[in-house]
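> missing the sequence, but the structure's below:
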């Protein structure tokens, strides 16, 4: 283990302010852009379900993936991490973009994606060079960086295991955005190194057979459940009546 990764644990709690453009934040990050919306409430509900699971067993590193591209895993990852940061301002929350093929976390949050996890794992930079705090929130993030030639090999490397060990020591909660499961081996590789795994499914788009294939592909990983994304939200009579009385 080289000096960069050995000292990672010392650097992680000291997160510098990162440059971000609030106007460039994707409007789908509803936990930030529309915190009072029904969609934001669903992400908070998801987060508190994870909190209840944590009461039963340690679950510091949670990863999110999908069966295929375009199912909303990155937006879900960002919203979940933001919900965590807002719910527990005293905790150190980290969002890691481990989709080294087509990372989207930085663009979703309007952050410049110059260097990130790819450069860290190649040994070009140190952890303190890639960890940045999102605006004035408690959320820290590590972008994907420049796509390497062989992402699966990079994610399966000993350096990645050292990185996960370091962030476990440096943060209270870590959320990892993984590539889609079926097209690549990446999610299956990292899925076995995290404490919990969520599978994001696009409502009325992802065939049931595809979901089953993804679950089989992730066999052995600590799959917590599925997140149904893009479903129509129909307010119950109680909610409608509540809104009228506010």
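Now that the structure is in, tell me what you want to look at. Every value quoted in this text rests on a predicted model; they were computed, and no experiment measured them.
> buried set for the helix or strand containing residue 74?
According to DSSP states H and E, residue 74 maps onto helix 73-87. By neighbour count on 16 or more other C-beta atoms under 10 Å, the buried set for helix 73-87 is 73-86. Every C-beta, even on glycine, is put in place using the N, C-alpha and C of the backbone.
> and the longest helix along the chain, what does it pack onto?
In the chain, assigned by DSSP state H, the helix with the most residues is helix 38-54. Helix 38-54 is packed against helix 30-33, helix 73-87, strand 223-229, with contacts defined by 3 or more C-beta pairs under 8 Å, 6 or more residues apart in numbering; DSSP states H and E.
> pLDDT on the longest one, on average?
When the per-residue pLDDT values of helix 73-87 are averaged, the result is 95.
> again, but for the shortest one
On average, the pLDDT along helix 30-33 is 92.
> any chance of a markdown table for the helices and strands packed on helix 38-54, columns distance to residue 128?
Formatted as a markdown table, those follow (distance: least, C-beta to C-beta, whole Å):
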| stretch | distance to residue 128 |
| --- | --- |
| helix 30-33 | 25 |
| helix 73-87 | 20 |
| strand 223-229 | 31 |
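> tell me which of the ones you listed lies nearest to residue 98.
Among the helices and strands packed on helix 38-54, the nearest to residue 98 by C-beta to C-beta is helix 73-87 (9.8 Å).
> all helices for this protein, in order.
According to DSSP H, the helices that the chain contains are 3-6, 8-11, 30-33, 38-54, 73-87, 105-109, 117-122, 127-130, 151-155, 158-170, 186-191, 208-217, 237-245.
> out of those, which comes closest to residue 178?
Of the helices of the chain, nearest to residue 178 by C-beta to C-beta is helix 186-191, at 4.5 Å.
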